[in-house]
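> Have a look; sequence and predicted model below, questions after that.
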Amino acid sequence: MARVVLVTGVSRHLGSRMARILSHDPAIDRVVGVDVIPPRSDIGGAEFVRADIRNPIIGKVIAAAGVDTVVHMGVISTPVQAGGRVSMKEINVIGTMQLLAACQKSEGVQRLVVKSTSSVYGAGPKDPAMFTEDTEPKSQPRSGWAKDSVEVEAYVRGFARRRPDVKVTTLRFANFIGPKVDTPMAAYFGLPVVPTVLGHDARLQFVHEDDGLEATRVAVHSEEQGTFNISGDGVLMLSQALRLAGKTVLPVPTPMVGLVGGWFRRAGLADFSPEQIKFLTYGRGLDTTRMKEVLGFQPTYSTRDAFEEFVQERGLDHQLPKHQAEAIERGLAHALGTSTLSEARLAARLREEAHGRA
Amino acid sequence: MPDATVIPIGGEDGARKAASRAARQAGATGPKPKKRVVPVEPEPEPQPVDDEQHDVDGAPGRLDATLAEWLDFMRRRVTGEYEVDDFGFDAELTDRVIMAPLRPLAQNWFRIETRGIENVPSEGGALVVANHSGTVALDAIMTQVVLHDHHPAKRNLRMLGANLVFQSPFVGELARKSGHTLACNPDAERLLSSGEIVAVFPEGFKGIGKPYSERYKLQRFGRGGFVATALRTKTPIIPVSIVGAEEIYPILGNAKTLARLFGLPYFPLTPTFPWLGPLGLVPLPSKWIIEFGEPIRTDHYPDGAADDPMLVFNITDQVRETIQQTLYRLLVQRRSIFR
């Protein structure tokens, strides 16, 4: 079977990396990347076609190239990248509608993989600790990227009903994190002073960009279809993540959160949409059993590994680096006339060894 | 009740208790504390071998080790090097910090007597079902403390709370960190099937906010959702009866308008609250007994038993009756409210 893959959204980091990875895949003959602006980074052996998915012309691209697999990565999460909220919504929702319309008309398309987000679950105090793919969200997102994604998923489900012969996979990713990817969370952790919601501590999950792309590649080849949560194992508390990143924290009381978030948003520092604020208040966890058992994908980075790598790669300004904290611990211990736990453990081990020899 | 072991935790004086705790920790209990109890020598002249002995009874070695543990703990807190589980449960923080002020409250203020703790399995899941009272959920918190401190396997109690808990600032955060989660089927099943001890208080706000005149009368036991969950996960149900919590903040009246204003299920008026201001928050030092009853097995029912409403109602009634009867029995045994 000749495999021709169309990747949307290749002008951005994840899309272009996806196109590059697929173009190096021996099981795939041809990769066509589309976007309205040319990719900034190398897309490997993939061909770039300048096309707007909001325009019926996309159908011609699909027909001309004989596309059999469509990987839709064109849903944008940050209004800044799209040039404002209005055009972001247009790209996300209208773009997806046009793309799906073109796929429906096409005879050749047999597989559709859509990059969605776990923010379709919303976040709130009435939600279970872990979302499975069929959990009914208690607080559906009402604005921004999350709402776009809910609508995108609804159109994708509609498409799956109308074209039951096409295998449709929706991947709901936890927050992407990695050395280069631009996401609202990456921007948030990059702030000089990080506002948090006073009295709440959200559970966070991350997926490393390498794992996210690999999961998408697995989905392209998989015989399975349906919706899958994709995330690294384990959770980090927001407070814990901020400590790992060594950030200065500004706890904001709940009634003031909207106001302070507004300042940050207007200053162009980070996205504090109501959805994002809810997420930073209540957090969210994903059950990834289906990802592991049905899709057969095992992430290499845990949530914590992914985050620690992100912190290291971005060179975030650490207020109190690890070695300094250890030095302080040693100093305090010695001042109090004792030694630290690690020193004591070392001493005990040495003694045991001495014992063993004697 | 002849078969219940009585573990008195009040009565001893502070020093003896501390000593016995220390001995328990340093001694036979488990390998973990033993490893931690490492003597720490001052830099200049390392002392040779006689340390094991020195540690167990000698105060200096212990003090140093405790100090070293705390310093290590605090450093890891600052740098974020600790683990939480999927529910946000921070076991170390709970043990070291959250429970620290609760232990004297349990031992010296309420002088909690724990019975039948051997009915809680050392491993595997179990569903603890208890009566609920006391205006604020101190009974739940105290049950967690005694189970953790008195059970040989130091089991953590994972409670299921109302969404009001997780909505409220600080309270919600603390609840998640000490291992509790929202009362909903998916969470309960997830915890039980991963082998945790889960606690539910089926009376909910009706139990905890009932007037003093209704003390020790069990309220409606919900819809029996907890029984269905236990049946589905085939985990035993352990009925727990708590005596003493009813008297800590006796509710004489309920200011409904104030409750509506604050969005609370009730606004209690007790002999001391709100009349004495913050002083009214001090609970009365009633004498507590917490009895863990014999487990009710659910693993011999066939698959799909959870969908049989008759069976679910029957087991619900059995659990409710067991707790109610035990409450009456314990009340008779208690000499007075305060001793």
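Looks like it arrived, so ask away. These numbers were taken from a predicted model, which means no experiment stands behind them.
> C-alpha from now on. contacts and neighbour counts both.
Fine.
> Next, residue 190: phi, psi?
Since you didn't name a chain, this refers to chain A. With angles defined as degrees, to the nearest 10, A:Gly190 shows backbone torsions of phi -90, psi -10.
> pLDDT value on it, please?
Per-residue confidence for A:Gly190 comes out at a pLDDT of 87.
> With chain B as the reference, measure out to it.
From A:Gly190 over to chain B the distance is 17 Å, taken as Cα to the nearest Cα, to the nearest Å.
> measure that residue to A:Phe272 for me?
Taking Cα to Cα, to the nearest Å as the measure, A:Gly190 and A:Phe272 are separated by 14 Å.
> The two: who's more crowded?
Looking at A:Gly190 and A:Phe272 with other Cα atoms under 10 Å in any protein chain shown, you find the greater number of neighbours at A:Phe272, namely 22 against 19.
> pLDDT on the helix or strand where A:Ala101 lies, on average?
When secondary structure is defined using DSSP states H and E, the element that contains A:Ala101 is helix A:95-105. Summarised as a single mean, pLDDT over helix A:95-105 is 93.
> Tell me the helices and strands packed up against the helix or strand just after that helix.
Tracing the chain past helix A:95-105, the next element assigned as helix or strand by DSSP H and E is strand A:111-117. For strand A:111-117, the packing partners by 3 or more Cα pairs under 8 Å, 6 or more residues apart in numbering or on different chains; DSSP states H and E come out as strand A:69-72, helix A:144-162, strand A:167-173, helix A:209-221.
> how far is strand A:111-117 from where the chain is centred?
Between the centre of strand A:111-117 and the centre of its chain there are 13 Å (Cα atoms, centre = their mean, to the nearest Å).
> Mind listing what's buried along it?
Judged by neighbour count using 16 or more other Cα atoms under 10 Å in any protein chain shown, the buried positions of strand A:111-117 are A:111-117.
> same question, stretch A:194-208
Judged by neighbour count (16+ other Cα under 10 Å), stretch A:194-208 contains these buried residues: A:195-208.
> need the helices and strands packed on strand A:111-117 in a markdown table with mean neighbour count and distance to chain B, can you?
As requested, the helices and strands packed on strand A:111-117 are arranged in a markdown table below (neighbours: other Cα atoms under 10 Å in any protein chain shown; distance: least, Cα to the nearest Cα, whole Å):
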| stretch | mean neighbour count | distance to chain B |
| --- | --- | --- |
| strand A:69-72 | 24 | 30 |
| helix A:144-162 | 19 | 21 |
| strand A:167-173 | 23 | 17 |
| helix A:209-221 | 21 | 20 |
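> Tally up the residues packed near A:Thr132, please.
For A:Thr132, using other Cα under 10 Å, the count is 19.
> What separation do you get for it and chain B?
9 Å.
> neighbours of B:Leu231, just the number please.
Summarising burial for B:Leu231: neighbours were counted as other Cα under 10 Å, giving 26.
> Could you check how far it is from chain A?
Per Cα to the nearest Cα, B:Leu231 is found 20 Å from chain A.
> so that residue sits right up against B:Asp308, yeah?
No. The criterion here is Cα atoms under 8 Å, and B:Leu231 misses it with B:Asp308 at 10.2 Å.
> heading toward the C-terminus, what's the first helix or strand past the helix or strand bottoming out on mean pLDDT in chain A?
Counting by mean pLDDT, DSSP states H and E, chain A has its least confident helix or strand at helix A:79-82, which shows a mean of 70. Stepping forward along the backbone from helix A:79-82, the first helix or strand reached (DSSP H and E) is helix A:85-89.
> near chain B, which residues of the stretch 251-358 of chain A?
Contacts of the stretch 251-358 of chain A with chain B, taken as Cα under 8 Å from any Cα of the partner chain, map to A:285, A:320-322, A:325-326, A:329, A:332-334, A:337-341, A:344-345, A:348, A:351.
> Could I get the buried residues of stretch A:194-208 in JSON lines, plus columns for secondary structure and distance to B:Ile237?
As requested, the buried residues of stretch A:194-208 are arranged in JSON lines below (DSSP: H, G, I helix; E, B strand; the rest coil; distance: Cα to Cα, whole Å):
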{"residue": "A:Pro195", "secondary structure": "strand", "distance to B:Ile237": "44"}
{"residue": "A:Thr196", "secondary structure": "strand", "distance to B:Ile237": "40"}
{"residue": "A:Val197", "secondary structure": "strand", "distance to B:Ile237": "38"}
{"residue": "A:Leu198", "secondary structure": "coil", "distance to B:Ile237": "37"}
{"residue": "A:Gly199", "secondary structure": "coil", "distance to B:Ile237": "34"}
{"residue": "A:His200", "secondary structure": "coil", "distance to B:Ile237": "32"}
{"residue": "A:Asp201", "secondary structure": "coil", "distance to B:Ile237": "32"}
{"residue": "A:Ala202", "secondary structure": "coil", "distance to B:Ile237": "31"}
{"residue": "A:Arg203", "secondary structure": "strand", "distance to B:Ile237": "30"}
{"residue": "A:Leu204", "secondary structure": "strand", "distance to B:Ile237": "33"}
{"residue": "A:Gln205", "secondary structure": "coil", "distance to B:Ile237": "33"}
{"residue": "A:Phe206", "secondary structure": "strand", "distance to B:Ile237": "36"}
{"residue": "A:Val207", "secondary structure": "strand", "distance to B:Ile237": "38"}
{"residue": "A:His208", "secondary structure": "strand", "distance to B:Ile237": "41"}
